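Trainee: sequence? don't have it. structure:
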């Protein structure tokens, strides 16, 4: 378990002090994939570097499996860091070393015999799907392949915690999905606790169990991914969940006097019964979708949608009545009926 208790970090700059983190309190259970998300400058990378003490907090405690990390001697800290691996946006591979030698590197530092290290490295390259790249060099690999080698290297010392600092930010969407799938697979097979630092809500919704939203160096919201998507409480959360603020240019424009427009908020309704289609099938009423920003999480729908109802008042009211009976959906009138 990772516990961050009243964690703060202040950097002393030429122009004065800059407080990067303020009174962070988080608990990350063993075996969880935990997301920490925020816009640029929110303090995400500083926070993840405080977990393994690459940055020492100005105040507060980092406790991992009951051990207060700041109380360790330098030798003890080096030992504990072998169980806290990290992967980065730019991969940080040694370009003069082959893939096999890159994966062997942390084992060399730990004093593992060369033959044992190479055997383990080949097993790890197999795990990440690159058994045929042992002799290749980083310059010969794609970005996704480089990140897979970096993940194999991170696993070399059998870590209990894997810290991912914007690990997919430099990758294209398809490669991002494959890397996230690999991280999820490693988490499930090995039981490793994964901390994902990202500015992309799509990464959080793809693999995270819980998420903390960081804004201005503070945790402003924390909960399960479904909770955050269904009911974002803070402005920072709403910016990340619905970057458009739940509005569209169509909504901001002036509607005709006889337009009947409503906004739906989906708070976990089933995706097995699409609302617009079921409305048409069960009532014969057709509506127009003006805008939609929805996501499917574990076969549940979250987000918002803007609908134009029929101009006939009676039909519009019947549509409203039907929609209000649907579980996990709330309705707000944009223009009156």
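Mentor: Happy to help now that I have it. The structure presented is a predicted model; accordingly, all values stated were derived computationally and were not measured.
Trainee: Going along the chain, name the helices of the protein.
Mentor: 44-51, 74-81, 99-109, 114-127, 143-154, 173-190, 201-207, 225-230, 235-241, 249-252, 275-283, 313-324 (DSSP state H).
Trainee: Mean pLDDT, distance to residue 66 and mean neighbour count added to the ones you listed, as TSV?
Mentor: For glycine as for every other residue, the C-beta is placed from the backbone atoms N, C-alpha and C. Below are these laid out as TSV (pLDDT from 0 to 100; distance: least, C-beta to C-beta, whole Å; neighbours: other C-beta atoms under 10 Å):
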stretch	mean pLDDT	distance to residue 66	mean neighbour count
helix 44-51	92	15	22
helix 74-81	90	12	13
helix 99-109	94	25	21
helix 114-127	94	28	17
helix 143-154	93	23	24
helix 173-190	91	21	16
helix 201-207	87	27	21
helix 225-230	82	27	22
helix 235-241	81	31	19
helix 249-252	44	51	11
helix 275-283	89	48	14
helix 313-324	90	50	16
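Trainee: so which of those comes closest to residue 300?
Mentor: Closest of those to residue 300 is helix 225-230, at 6.8 Å (criterion: C-beta to C-beta).
Trainee: Would you mind pulling up the elements that the closest one packs against?
Mentor: Counting contacts by 3 or more C-beta pairs under 8 Å, 6 or more residues apart in numbering; DSSP states H and E, helix 225-230 packs against helix 201-207, strand 210-215, helix 235-241, strand 260-270, strand 288-297, strand 300-309.
Trainee: okay, residue 258: pLDDT?
Mentor: For residue 258, the pLDDT comes out at 68.
Trainee: now swap in residue 274 and tell me
Mentor: 83.
Trainee: Count the residues that sit near residue 16.
Mentor: Using other C-beta atoms under 10 Å, residue 16 is surrounded by 7 other residues.
Trainee: beta partners of it?
Mentor: For residue 16, the residues forming beta bridges with it (DSSP bridges) are residue 13.
Trainee: mind giving me the domain ranges of this protein?
Mentor: Per automatic domain parsing, the structural domains of the chain span 2-232, 249-333.
Trainee: and the helices and strands packed on helix 225-230, which is most packed in?
Mentor: Among the helices and strands packed on helix 225-230, ranked by average contacts under mean count of other C-beta atoms under 10 Å, first place goes to strand 210-215 (a mean of 24).
Trainee: per-residue confidence averaged over that one?
Mentor: Averaging pLDDT residue by residue across strand 210-215 gives 94.
Trainee: Let the chain start at 46 from now.
Mentor: Shifting the count to begin at 46 puts that one at strand 255-260.
Trainee: Each with direction, which strands does it pair with?
Mentor: strand 78-82 (parallel), strand 263-269 (antiparallel).
Trainee: Now tabulate those strands in TSV and tack on mean pLDDT and distance to residue 178.
Mentor: What follows is these, written out as TSV (pLDDT from 0 to 100; distance: least, C-beta to C-beta, whole Å):
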stretch	mean pLDDT	distance to residue 178
strand 78-82	95	26
strand 263-269	93	37
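Trainee: Residue 106: which of these is closest?
Mentor: strand 263-269 (15.5 Å).
Trainee: List the buried residues of the closest one.
Mentor: The neighbour-count check on strand 263-269 (16 or more other C-beta atoms under 10 Å) flags 263, 264, 265, 266, 267, 268 as buried.
Trainee: picking up where we left off before, tell me which of the helices and strands packed on helix 270-275 sits nearest to residue 179.
Mentor: helix 246-252 (27.5 Å).
Trainee: In CSV, list the domains of the chain along with distance to residue 285.
Mentor: Below are those laid out as CSV (distance: least, C-beta to C-beta, whole Å):
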stretch, distance to residue 285
domain 47-277, 5
domain 294-378, 12
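Trainee: For residue 65, which of the helices of the chain is the nearest?
Mentor: Using C-beta to C-beta, those put helix 89-96 closest to residue 65, at 4.5 Å.
Trainee: which residues are in contact with that closest one?
Mentor: 47, 49, 52, 54, 65-66, 69, 81-83, 100-102, 107, 109, 129, 131, 206, 208, 210-211, 240, 242-244, 259, 262 (C-beta atoms under 8 Å, 6 or more residues apart in numbering).
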